[in-house]
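K.L.:
would you be able to build a 3D model of this:
(one chain, ligands or ions: 2)
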Amino acid sequence: MSSVSIAIIGAGISGLSAAQALQEAGLPVHLFDKSRGSGGRMASKRTEAGRLDLGAAYFTARDRRFAAAVRDWQARGWASEWRPSLYELRQGQLGPSQDEQERYVGTPSMSAITRGLLGETPVTFGCRITEIFRGTRHWTLQDADGQSYGPFSQVVVAIPATQACNLLTAAPVLAGKAANVAMEPTWSVALGFSTPLETGMDGCFVRNGALDWFSRDRSKPGRDNPLDTWVMHATSQWSREHLDASKETVIEHLHGAFAELLDCPLPEPAFSIAHRWLYARPAQPHQWGSLADVDMGIHACGDWCLSGRVEGAWLSGREAARRIIEHLDK
Ligand SMILES: Cc1cc2nc3c(=O)[nH]c(=O)nc-3n(C[C@H](O)[C@H](O)[C@H](O)COP(=O)(O)OP(=O)(O)OC[C@H]3O[C@@H](n4cnc5c(N)ncnc54)[C@H](O)[C@@H]3O)c2cc1C
Ligand SMILES: NC(=O)C1=CN([C@@H]2O[C@H](COP(=O)(O)OP(=O)(O)OC[C@H]3O[C@@H](n4cnc5c(N)ncnc54)[C@H](O)[C@@H]3O)[C@@H](O)[C@H]2O)CC=C1
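P.N.:
Residues are numbered from 1 along each chain as shown. Ligands and ions are numbered 1, 2, ... in the order given. As a prediction, the model looks like this:
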């Protein structure tokens, strides 16, 4: 078996899931990520109000393989079940909306899962890959500063579709598919209150106007935040229409929408933050699993190849790894 590593671009949940499966098969990998840490859209942002999940709020596990992985994360203390008191806006009225769905979060923050998965895996952070070249046998990567990395036996591109198509030029069919995937933006805002809000809600599906969803950080297990912090996500449409708005404007808007909906008085927040996710979610799900030119040794994976959720991203990374292992075994 080759001792030349496999390069994985993107240390989000899809890249890490691929890395884990490849390492379990005895294959060396090296991860690259433009950020300073792992997690991507599943990371938690370090703020003066503690670590906040400004991306994925929670996740569900409907696939039996992913459910087994989540049980393993729970056993390792990286994840816990979250049992929120859920509400829903229906015909202009907020009301309790219970269901039987099991939901999970990372503990003590969403980042714990990808940090745990990363473990001792070789990784280069703060490195934005801009080009991927294939030589006679191996792959070389180049970053935004012009630095080269390689040789690699295979490459896995585990980043959002819009960014992936720029790196897939060596495999035009894959690049074409990625180019046709529209990714929708999401504005995310967190507001922290010194006095806990007097509401029974922990989370609410709004799906109306500016607000898509909001949830109470301290209702999640393992959170230790002195402020009562609420994270809200804008709808895709509102986010698209306010893509270039200032953070202050976005905070003001979502604060106003939250105050209008709430069933209790809303004091002035002691803390606020806004984050814009340009490529938050694919406009539609796909059934690709992953994309590959197995003979060249180039693969693409990520939530956009499946359901646009944490589970889809994890499964997609797994599928990319499975195809690499299957090809090497031939
Ligand atoms: C606001 C928001 C709310 C969400 N809520 C939920 C939810 O409640 N439940 C749920 O299941 N899912 C949710 N999701 C979706 C979920 O977060 C994603 O499906 C999942 O995290 C995607 O993982 P990924 O590995 O495919 O991509 P990403 O997490 O985007 O990982 C890609 C990584 O690649 C890096 N990267 C990108 N380009 C380069 C480059 N050129 N060079 C090097 N590195 C690069 C990035 O820094 C990033 O770390 C939400 C997403 C957002 C944004
Ligand atoms: N903002 C963003 O960028 C993204 C948000 N994402 C959200 O992440 C969540 C993940 O989806 P799943 O894992 O399927 O989770 P889920 O089963 O909790 O929710 C799926 C969808 O079902 C609806 N729903 C579920 N439960 C209720 C309830 N009790 N009352 C009313 N409606 C309900 C709601 O529309 C929700 O969006 C969804 O809410 C997505 O909208 C996913 C990806 C990106």
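K.L.:
only C-alpha atoms for contact and neighbour calcs from this point on.
P.N.:
Fine.
K.L.:
can you give me the strands in the stretch 101-250 of the chain?
P.N.:
For the stretch 101-250 of the chain, the strands defined by DSSP state E, counting those that start in this stretch cover 103-106, 123-124, 129-134, 139-143, 148-152, 154-157, 183-193, 203-208, 211-216, 228-234.
K.L.:
what packs against the fourth one?
P.N.:
Just to be clear, that refers to strand 139-143. Contacts defined by 3 or more Cα pairs under 8 Å, 6 or more residues apart in numbering; DSSP states H and E place strand 139-143 against strand 129-134, strand 148-152.
K.L.:
who in the stretch 1-150 of the chain is up against ligand 1?
P.N.:
9-15, 32-35, 38-42, 55-59, 127-130 (Cα under 6 Å from any ligand atom).
K.L.:
what residues sit buried inside stretch 120-129?
P.N.:
Neighbour counts over stretch 120-129 (16 or more other Cα atoms under 10 Å) mark 123-124, 127-129 as buried.
K.L.:
out of the residues you listed, which is nearest to ligand 2?
P.N.:
Closest approach to ligand 2 among those (Cα to the nearest ligand atom): R128, at 22.3 Å.
K.L.:
distance of the spatially most central residue of the chain relative to ligand 2?
P.N.:
The chain has R41 as the residue nearest its centroid, 2.8 Å off, counting by Cα atoms, centre = their mean. From R41 across to ligand 2, the span is 9 Å (Cα to the nearest ligand atom, to the nearest Å).
K.L.:
which residues does that residue contact?
P.N.:
For R41, the contact set (Cα atoms under 8 Å, 6 or more residues apart in numbering) comprises 12, 55-56, 280.
K.L.:
before we move on, what about G106?
P.N.:
58, 78-80, 112-113.
K.L.:
in the chain, where's the longest helix?
P.N.:
The helix that spans the most residues within the chain, counting by DSSP state H, is helix 310-329.
K.L.:
returning to that earlier point: need the strands of the stretch 101-250 of the chain in a markdown table (columns: distance to ligand 2 and mean pLDDT).
P.N.:
Converted to a markdown table, these look like this (distance: least, Cα to the nearest ligand atom, whole Å; pLDDT from 0 to 100):
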| stretch | distance to ligand 2 | mean pLDDT |
| --- | --- | --- |
| strand 103-106 | 7 | 98 |
| strand 123-124 | 26 | 98 |
| strand 129-134 | 24 | 97 |
| strand 139-143 | 27 | 98 |
| strand 148-152 | 32 | 97 |
| strand 154-157 | 20 | 98 |
| strand 183-193 | 5 | 98 |
| strand 203-208 | 6 | 96 |
| strand 211-216 | 7 | 98 |
| strand 228-234 | 6 | 98 |
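K.L.:
most tightly packed of the ones you listed?
P.N.:
Highest mean neighbour count among the strands of the stretch 101-250 of the chain (mean count of other Cα atoms under 10 Å): strand 154-157, with a mean of 27.
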